[in-house]
Structure formats: structure tokens, C-alpha cells
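**Student:** A predicted structure for the sequence below; I have some questions about it.
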Amino acid sequence: MTHDADGREPLVIRAPQIVALLEARDPTLAEFAAQLARRHPDGLHGRAPRQYEEALRTLASRMVQRYGVLDSGHLLRLFAIAQQRGWDFDHGDAGAWVRQILLDPRTPRAGRRIERLEAELRERDAIEARNRAIDAALSGRMPRRGS
């Protein structure tokens, strides 16, 4: 893990903080930082509220560099996915398959890559729901071992 010049772990905006961006009328980084400061007056991840804006600029810059995100609409869509899934963008909890979709050179437009990610997530959710239904049906019919 990388650390800041002062030796602290880098600030990572996690899913609960992303909710503030999704609720913002003006989704600029400065406004989001101000909302975070109001919601977390004692600081966040060991940072003072005045450092939120810089941390958000860094996060947005990384997303632009890594995924070709071009506008606040793209950021909002990715943040919405992260909030829904509980992902942490900076540490890659989303998994390699997400990065593969978001970095796919065959799809040059960031908006299209995000659409592919959303479609893949819907498909995976449907598969998981079917698997849970099958498991529930089988567990009701199959004899339990050791009984």
C-alpha cells in the first residue's frame, strides 16, 4: 500500500461517503467536499475536513487516468455502482473483471464501458438470484446428512 508524504495511508472515499455525492445538487468536487465536511465535522479517515476536496480531486484524477472517465456524469455512475456494491475504488475491491471492462480498448467511449459494466452486473445479479433459488429448492428436498 502506498502512503502519503507524511506517512499516512492515502484517503480512500468509501461507499458511505459516496452517498453524499449522489445526493448533491451540484456534483462538483468542491461541493462534495463541503458536504462531507458537514456530514463528518470531526474528519474522515484521519483527515481534517479541509483535506476532503484535495482527496476527491485525487480520486477523480485517478478515475480519469485509469478508466477514461470524462465528465461528472460518468463519475456519478461509477460512484453509484460503488455505493450500491460497497466497493472501494482505490483498493480495487471491485475485482479484476470490473477493471477489465472499464479498461477495454475495444470500447473507446467511457460511457459505453460503464453501460457494459452495468449490464454485466445485472447479469451476475440474475445468475446469483437463480443460484439462490436453486439452492433453496434443493435444500428443501434433499435429505440432510447425519440425520
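**Tutor:** Perfect, thanks for sending it. Numbering: from 1, shown residues only.
**Student:** which stretches of this protein have low pLDDT?
**Tutor:** 1-61, 64, 69-72, 79-80, 82-83, 86-95, 141-147 (pLDDT under 70).
**Student:** for it, what's the longest helix?
**Tutor:** In the chain, taking DSSP state H as the definition, the longest helix is helix 110-141.
**Student:** counting contacts, what elements does that helix pack onto?
**Tutor:** On a contact count with 3 or more C-beta pairs under 8 Å, 6 or more residues apart in numbering; DSSP states H and E, helix 110-141 meets helix 72-85, helix 96-102. All C-beta spots, glycine's among them, are computed from the backbone N, C-alpha and C.
**Student:** go with 6 Å
**Tutor:** In terms of contacts (3 or more C-beta pairs under 6 Å, 6 or more residues apart in numbering; DSSP states H and E), helix 110-141 is packed against helix 96-102.
**Student:** who touches the helix it packs on?
**Tutor:** The contact list for helix 96-102, computed with C-beta atoms under 6 Å, 6 or more residues apart in numbering, reads Tyr67, Arg113, Arg116, Leu117.
**Student:** measure the residue lying closest to the last one once chain neighbours are set aside to Ala137 for me?
**Tutor:** In this structure, Leu117 finds its nearest non-sequential neighbour in Ile101, 4.8 Å apart by C-beta to C-beta, 6 or more residues apart in numbering. Here the distance between Ile101 and Ala137 works out to 32 Å (C-beta to C-beta, to the nearest Å).
**Student:** between those two, which is the more surrounded one?
**Tutor:** Taking other C-beta atoms under 10 Å, Ile101 and Ala137 do not tie; Ile101 has more neighbours (20 against 10).
**Student:** for Arg113, see how far away that one is.
**Tutor:** 6 Å.
**Student:** swap in Leu138?
**Tutor:** Taking C-beta to C-beta, one finds Leu138 at 37 Å from Arg113.
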